[in-house]
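Novice: Below are the sequence and a predicted model for it; my questions follow.
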Amino acid sequence: MKKWFAVIGDPIEHSKSPAMHNAWFEEMSIDATYIPIHVSSEQLESAVAGLKTLGASGWNVTIPHKTAIIPYLDELDELAQKMGAVNTVVRTTNGKLKGFNTDGVGFVRSLEEAVGSSHKDKPVLLVGAGGAARGIAFAMQQQGYNDLTITNRTVANAQAIVDEMGIGRAISLKEAEETLAEFSIIVQMTSAGLATGNFSMPFSLNRLEKGAIVADIVYNPLMTPFLQAAEEKGATIVTGLGMFVHQGAISFEHWLGNYPNTNSMIAQLKAQLGGN
């Protein structure tokens, strides 16, 4: 029987997930399809019930449902439970819905693919404290990045993540701007800069050190205003595309047991999004 998968979110029309997964299904001769479904916050509970009733084998979860979906799942992977956010749902062999978070591990894979794995002892500034930010913070800690600082408009939200991790510190956006030269890696982890929304810089990059590594988790547009400003200061840029492809590949592996070709997919999507 043909399997089917989905991505749910609000907004959803910008997502490249359907094109990516359907290309992988075709490349690997898997009889399956993947569709986007627009789900508002008010519809989330009924949407999960509908996906289960209609026989979805699994689905991805994007903004703004990564935390809100948890009460409607039967169980969570240990990392997703720790993060308090889910971006992948698997229907298990006994029909239960199990939540995973592949965002954080996907980001670390993309970062190390771009700049190597020799920066683990360097000071890292994480900008944002939402669901994706939690995932990245915990995954970086798990992968050996221990000099972590989190900045957020609401410092208490950043402090909550720091308290749970048991390492690092939380600072205000103003302090982040003033001490920016101290950080070797800066990761913009908010949804600011999405092609579907408005962008305002969280802080000025005037004090950014030339040669710093600056990453953004937004992949559409490929070059966000944050990355453009960092590149003008001489930073090494890591777009959100690698994270997007690797988190999708890890989801794919959870569903079907195989890790798809990420290199060709990154190249394809980069061309579509106007990258060189």
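Specialist: Done, it's in. Note that the structure is predicted; figures quoted are calculated from it, not measured.
Novice: Strands of the protein, start to end?
Specialist: 3-9, 32-38, 58-61, 75-76, 88-91, 97-100, 124-127, 148-151, 169-171, 185-188, 213-216, 236-238 (DSSP state E).
Novice: Distance from the fifth one to the middle of the chain?
Specialist: In other words, strand 88-91. 16 Å (Cα atoms, centre = their mean, to the nearest Å).
Novice: in its sheet, what does it sit against?
Specialist: strand 58-61 (antiparallel), strand 97-100 (antiparallel) (DSSP bridges).
Novice: Name the nearest residue to the residue nearest to the spatial centre of the chain, sequence neighbours excluded.
Specialist: Per Cα atoms, centre = their mean, the C-alpha nearest to the average position across the chain is that of D103, at 3.9 Å. Spatial nearest neighbour of D103, excluding adjacent residues (Cβ to Cβ, 6 or more residues apart in numbering): G135 at 4.0 Å. C-beta here means a position set from N, CA and C on the backbone, and glycine is covered the same way.
Novice: if we can go back for a sec, who's in contact with the residue nearest to the centre of the chain?
Specialist: D103 sits next to 85, 87, 131-132, 135-136, 139, 217, 243, 247 when contact means Cβ atoms under 8 Å, 6 or more residues apart in numbering.
Novice: T62 contacts I12, correct?
Specialist: Yes: the pair T62 / I12 is scored as a contact, 7.1 Å apart, by Cβ atoms under 8 Å.
Novice: What segments of this structure are helices?
Specialist: 17-27, 44-53, 78-83, 103-115, 131-142, 155-165, 173-178, 225-232, 241-256, 262-272 (DSSP state H).
Novice: Looking at these, spot the one closest to I213.
Specialist: Closest to I213 of the helices of the chain, according to Cβ to Cβ: helix 103-115, at 5.5 Å.
Novice: I appreciate the help and will end here.
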